[in-house]
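[1] here is the input, now give the coordinates:
(chains A and B)
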Amino acid sequence: MSSNDVAVCHIYDKLSSKTGFIGKFVTNEEISLHGFQPVFYSTKDAPTKYANTDEINVIHVSENFILDDEILRSLVAESCNIFYNLQSIKTKSNDVFLQTSRVYRSAIRATLNKLQEAIIDDCGENDIKKYESFITIFYSIECLWHLCEFLLIDRSTMSVVPNLLEWTKFHFPSPSQSAAEMLINKDRDLEFRESYWETVRGLILQGQIDIVRALLRFHSSSETMTFQLAEKELQTMPVFNSHGGLSIQKFRSQWSFWSSALETKLDSGLFSTEIELENIMKLIVGDKQAWMQVCQDSKCWYEYFAGFLFFTQPAVRYFELGTFADSWLGRWSSTKGMRGYTELKSLDLMVLATLKNDMAELISSIQDMGDNKWFVVHIVDLLVHCDQLRISDESNGPSVVALRECLIFDYGTMLMSHGNLWEIGMDYLKFSSSEGLGAREVLLQRVPIKNDIQAMKIIEIARINGITSVEQEVCRVMVKRSLFLENYGNALEWAIRSRDNIYVTKVANIFLNHYCNTGKMMHKDLLSNIGAKMFIAPRLLFLIKYFDFHQFYRARAFSQAAELLVNLLDSKIIPEFFWPSLLADTIPLLEHNEPIIPTKETYIIMHHLESDLIPYLAKTKKERENKKEQEGELNLMNACSDDLVQLLRLACARNLSRAMIIENTLVR
Amino acid sequence: MNDSLVKINSSFVSERINKIRFIEEEQQQLEPTNFLTASSEIKNNVKLWKLERNKYADEFIENEFTPKVISKLTLDGEETTGLEIIDHNNFAVSCGSSVFLIYINRDANIIRQNFKFSDIHSFKTTGSTLCTGISVSGENISTIGEDGRINILSANSQKIVTTLENTDSVTQTAVCFNYKQLITGNRMGILKTFDLRCTKRDPSSVFEISSQDQKKCYGVTSIIHHPTQNHIILCGSEEGSITVYDLRNPSFPASYLCSHNYAITELMFHPTQPDKLFSASANGELWKWTQNMMQNITQDYDGNNQVDSINSWLNGERAKNKISITTMLSGLRKSITSIDCSKQSRLICSSNNEAVYIIDNSF
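    Model (predicted):
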């Protein structure tokens, strides 16, 4: 993770190796590359010599997506929960923000733990490598977050040094660990261990004076004058406490008095019998030589920075930190023999930026951490919430609110476009901007649907989030899928759900056509249970009513059947192609032994016969003649059109005569 | 464990779980510590989990347990849709168009595939299709699918006992199997009962669930029967309501209870205390419904005590006074996908926010 690390991606493309290539950003994470010959003003407007020689490849390059890893997913899910809760809090108090920050950090630490466990359990080499790189990334995130937490988010403490010491202690835990181990074992011969003085010095540099005293008491010569004196000095050392009631000026004079006294003792050689002890005392009074020595051994620049402040500037404020950090860094790098900041690692630079409150620098560098912007999104959001994000050049650049929205938008769309995390992405987009809400709607429609269950799930989520248009869109997709599967029952149900007249009509037509061609109704169980939903579209209404007619007819309730049929004929919702079939259905009723249809109704049938069926038959006849060659499937009823008309006329005439006689006969 | 505090443990499990079920301990009085989950992310995973005591938590705060995977099985297929326990050592998982019988070795804590009923749901045109749900009665498993076929499988003989073709034109979404009676519900809200003793393959009755808006489709999402009175059927719907039927008279619903605002995902009676019902919804609510036993004794005009013999679920309008509702979980925002309840008082539920919640002393 050093800043000099450049991600390299090798692309092998025959054409591009000759011509060179050009790239464009497709999305924020994706670059599209293809072979391209540079064009200048002097280039002739003609095909290049490579035209049609090689195949052209378009290559998409994107950053690795790591968040769908099995371990990191739980962090993504948990942080989404925390994020959501933060957006919906009502009381904006310092405590809430601090609490939120801690919950975030605990989630990161839990993830780090899980990664460690996975490395121990797992034996796959690739996985170990992958997890190790995750640990590096998330360790840096935790380190920076911790720093931001007490410097920016927690506004209750004025003095930063105790927190800085705490932070250092956490990230360089070896002195505390070995001290704890020594104190538990309580050996008398502690100083014979190699690490004894190293531990004591480490503790001093982290400001853990009490533990140092405890360790010194275990030294075999702790009864000697020198040790007793050291003990006394350490005991009386003044410690700055912002809540202690002591003003900074008073504390400073107290400190200078105490340290000059100690210095005098050092100069007079009181500690010279114990060199190690003398060194430690020198560190406490800020002896330049001693500190330089320490710097030589340090692993990174901020390892002893907090300790240095503790002994030299214990009451430093956050706004002063930058200056001290710079001067300390200058001293540190000169002892290390470094020139400038170039050899610092990116984490070192980010820590420096945080200490200097250089937010623009910090945010720009944490975007490149390889965590798919997880960190930058959450920390910026939190900092904006507690109003602690100040980018120095506010007037020129975008405002922090816009920055936050933009980051959340990118993160949300990225999650939504990566398979299984779309539901989490939805939550982020909800809080980005109006653009985010639009994107949410568009992206939700594009979530792949493989089966009914997934479709229902998306509909449910759309309902909960109040995006009604998605429901209709999903239903339409499902209608098409069902039609493709020739599953017409499901198709009709989805069409009804979509409440889209066109789709319902289309599916209902399939049912009616099937009946015309085979004389059989499909999916009777479905049709008999549509109920009030039939009013969604006229064609569906017709289908159901016609189905009802069938049911009456089969149940031999002829008079009801006839009434319904005549009503249907007059209803003006009949699809044109269904006229032959519908009128053919009247024949058995007209010809029934008992007269069922009275004169008036017979006239209606005759009217439709002449004004609807005959023009339709003429039209289809013409069409058929036009394309005689390509005769496909014929409508069963259309095939015998002339006979049908003859039969109908005859049946009507016969029924009319019967009905007239009956109706005009006076019954006494 | 003896205090009456309701304890909620939550932990993130890195996957969205479709079904979750406890494995009861062999000693009945102990709370179960093992449970099974079926999920479908990139792979279809069936996992056996063990609740481990959290060494960092102290006695009185939340998160006393952390679940840990002790055995894992990957199944091929489109999506896991159902997981039901058959007996102490066996359970069934429906995944894609197949149903898997899986064996748990309780000593070694390993799960392994025992048998696979391949492609038992299919369309004529495109072949295999999704099995949308399973229900278990004794050793028999009933399956439903997008193709409207019902299969009855036998776990012991590992054979398909019966197949009912074309029972529904619309995808069946819920099934309840009880001895020889089978009830299915479809996406349009139509319930059908089948009597397997009958040689006739048509449904013995067909009825529709109730909803506020008759012009909309509301699918049946869950069907369960009362643990002691088998003729009482409760159906959860996509609308969020519960419709109760008395199968002795199924032509009209006995009660209609508007409850959740969004789809009910699963209903579950407490296995040993039939007066308690749990319902989970798609917007992340988990409710407990309790029958008020005390009110069943009413006084008539003569001052005689009369025991109300009708189960309060069947009481129609009056049911509302006799059943009280407690919220167990709310505000998860994402769907609770599945719940299960132990024989004592432990509840477990999985949510689409990729977390599992374990609730102790819930009643």
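[2] in the strand or helix carrying residue A:508, what counts as buried?
    Here residue A:508 sits within helix A:501-518, counting by DSSP states H and E. By 16 or more other C-beta atoms under 10 Å in any protein chain shown, the buried positions in helix A:501-518 come out as A:503-508, A:510-513, A:515-516. Any C-beta I mention is one placed from the backbone N, CA and C, and that applies to glycine too.
[3] with pLDDT added, can I get those in CSV?
    As requested, the buried residues of helix A:501-518 are exported to CSV (pLDDT from 0 to 100):
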residue, pLDDT
A:503, 94
A:504, 94
A:505, 94
A:506, 93
A:507, 93
A:508, 93
A:510, 92
A:511, 92
A:512, 91
A:513, 90
A:515, 89
A:516, 86
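[4] just these that are near chain B?
    Of the residues in those, proximity to chain B by C-beta under 8 Å from any C-beta of the partner chain holds for none.
[5] tell me the one among those nearest to residue A:562.
    residue A:515 (19.1 Å; C-beta to C-beta).
[6] number of nearby residues for the residue lying closest to the closest one once chain neighbours are set aside?
    Among residues not flanking residue A:515 along the chain, residue A:521 sits closest, at 5.7 Å (C-beta to C-beta, 6 or more residues apart in numbering or on different chains). Counted with other C-beta atoms under 10 Å in any protein chain shown, the neighbours of residue A:521 add up to 17.
[7] what sits against residue A:228?
    residue A:222 (C-beta atoms under 8 Å, 6 or more residues apart in numbering or on different chains).
[8] quick revisit: helix or strand next in line after the helix holding residue A:508, which one?
    Heading C-terminal from helix A:501-518 (DSSP H and E), you reach helix A:524-527.
[9] name the residues that touch that following helix?
    By C-beta under 8 Å, 6+ apart, helix A:524-527 touches A:489, A:492-493, A:511, A:521, A:543-544, A:547, B:168-170, B:188, B:190, B:206.
[10] mind checking which of those land in helices?
    In this view, the contacts of helix A:524-527 that belong to helices under DSSP state H are A:489, A:492-493, A:511, A:543-544, A:547.
[11] what's the most distant pair in those residues?
    Among the ones in helices among the contacts of helix A:524-527, A:493 and A:547 lie farthest apart (C-beta to C-beta), at 15.4 Å.
[12] comparing these two, which shows the higher neighbour count?
    Legend: neighbour count by other C-beta under 10 Å for residue A:493 and residue A:547, higher for residue A:493 (29 against 19).
[13] for the nearest residue to the more buried one once chain neighbours are set aside, what are its contacts?
    Leaving aside its chain neighbours, residue A:493 sits nearest to residue B:170 (4.6 Å; criterion: C-beta to C-beta, 6+ apart). Contacts were defined as C-beta under 8 Å, 6+ apart; by that measure residue B:170 touches A:489-490, A:493, A:526, B:148, B:186-188, B:190.
[14] again, 10 Å this time
    A:452, A:482, A:487, A:489-494, A:523, A:525-526, A:529, B:146, B:148, B:186-190, B:217, B:219 (C-beta atoms under 10 Å, 6 or more residues apart in numbering or on different chains).
[15] kindly report the same for residue B:245.
    Taking C-beta under 10 Å, 6+ apart, one finds B:183, B:191, B:193, B:205, B:207, B:209, B:223, B:225, B:231-235, B:251-255, B:313-314 in contact with residue B:245.
[16] try it again with 8 Å
    B:191, B:207, B:232-233, B:235, B:253-254.
[17] same question for residue B:178.
    Contacts of residue B:178 by C-beta under 8 Å, 6+ apart are B:137, B:225, B:230.
[18] residue B:137 versus residue B:151, what's the distance?
    Residue B:151 is 14 Å from residue B:137, where distance means C-beta to C-beta, to the nearest Å.
[19] those two: who's more crowded?
    A direct count of neighbours by other C-beta under 10 Å for residue B:151 and residue B:137 places residue B:151 higher, at 21 against 18.
[20] tell me the SS of the more buried one?
    strand (DSSP: H, G, I helix; E, B strand; the rest coil).
[21] check contacts around it.
    B:99, B:117, B:120-121, B:142-143, B:160, B:162-164.
[22] re the thing from before, what are the phi and psi values at the residue nearest to residue A:493?
    phi -110, psi 150 (degrees, to the nearest 10).
[23] how near is it to residue B:131?
    16 Å.
[24] how many residues are close by the nearest residue to residue A:447 once chain neighbours are set aside?
    On the basis of C-beta to C-beta, 6+ apart, the spatially nearest residue to residue A:447 that is not a chain neighbour turns out to be residue A:422, at 5.3 Å. By other C-beta under 10 Å, the residues close to residue A:422 number 20.
[25] any idea which element residue A:422 lies in?
    Using DSSP H and E, residue A:422 falls in helix A:422-429.
[26] what sits up against the helix or strand following that helix?
    Remark: after helix A:422-429, the chain's next helix or strand is helix A:434-445, criterion DSSP H and E. Helix A:434-445 is contacted from outside by A:405, A:408-409, A:412-413, A:416-417, A:422, A:425-426, A:428-430, A:458, A:461-462, A:465, A:467, A:469-470, A:473-474, using C-beta under 8 Å, 6+ apart.
[27] what's the following helix or strand past helix A:434-445 packed up against?
    Sequence-wise, the next helix or strand downstream of helix A:434-445 (DSSP H and E) is helix A:452-464. On a contact count with 3 or more C-beta pairs under 8 Å, 6 or more residues apart in numbering or on different chains; DSSP states H and E, helix A:452-464 meets helix A:434-445, helix A:468-484.
[28] quick one: closest of those helices to residue A:48.
    helix A:434-445 (38.3 Å).
[29] how about the CA coordinates for that closest one, as CSV?
    C-alpha atoms of helix A:434-445 as CSV (Å, rounded to 0.1, in the frame of the first residue of the first chain):
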residue,chain,number,x,y,z
SER,A,434,-32.8,13.1,-6.2
GLU,A,435,-30.6,11.6,-8.9
GLY,A,436,-30.0,8.7,-6.6
LEU,A,437,-33.7,8.1,-6.2
GLY,A,438,-34.0,8.1,-10.0
ALA,A,439,-31.1,5.7,-10.4
ARG,A,440,-32.6,3.4,-7.8
GLU,A,441,-35.8,3.1,-9.8
VAL,A,442,-33.9,2.5,-13.1
LEU,A,443,-31.5,0.0,-11.5
LEU,A,444,-34.1,-1.9,-9.7
GLN,A,445,-35.8,-2.7,-13.0
